[in-house]
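**Student:** Fold the following and give me the result.
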Amino acid sequence: MDTITLRNYFILFRKMIIYNLRIIFANKFIWFLAGSIGFYLGLSVLYVFTNDISRMSDLYGVFIFSGILLVFYPAVF
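**Tutor:** This is a model prediction of the structure:
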């Protein structure tokens, strides 16, 4: 395969990904990412400073909920 053609495919693929991300996140991806990280850090700090010993299932819920917010919240719009 010619390198120019391969380079064109990579450029096209990158532009397609960027275009779809702009549609999905409405150019506000950084805010969705910041919100998810902030939510995760907030819950993590609450779990660290409570006197109870956290179970692994509780921590898994914190991790999965942050990921669900990041993935599925923009899809609603």
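
**Student:** Against which helices or strands is the helix or strand harbouring residue 15 packed?
**Tutor:** In this assignment (DSSP states H and E), residue 15 forms part of helix 3-25. On a contact count with 3 or more C-beta pairs under 8 Å, 6 or more residues apart in numbering; DSSP states H and E, helix 3-25 meets helix 56-76. For every residue, glycine as well, the C-beta is placed using N, CA and C.

**Student:** Now the most centrally placed residue in the chain: closest residue in space that isn't a chain neighbour?
**Tutor:** Nearest residue to the geometric centre of the chain (C-alpha atoms, centre = their mean): residue 70, 4.1 Å. In space, and not counting its chain neighbours, residue 70 is closest to residue 36: 4.1 Å by C-beta to C-beta, 6 or more residues apart in numbering.

**Student:** Can you check what angle separates the helix holding residue 15 from helix 56-76?
**Tutor:** 100 degrees (axes from the mean of the first three to the mean of the last three C-alpha atoms, to 10 degrees).

**Student:** What are the buried residues along the very next helix or strand once past helix 3-25?
**Tutor:** Using DSSP H and E, the next helix or strand after helix 3-25 towards the C-terminus is helix 29-49. For helix 29-49, burial by neighbour count (16 or more other C-beta atoms under 10 Å) applies to 32, 36, 40, 43.

**Student:** now, among the residues you listed, which is nearest to residue 26?
**Tutor:** Among the buried residues of helix 29-49, residue 32 lies closest to residue 26 (C-beta to C-beta), at 9.5 Å.
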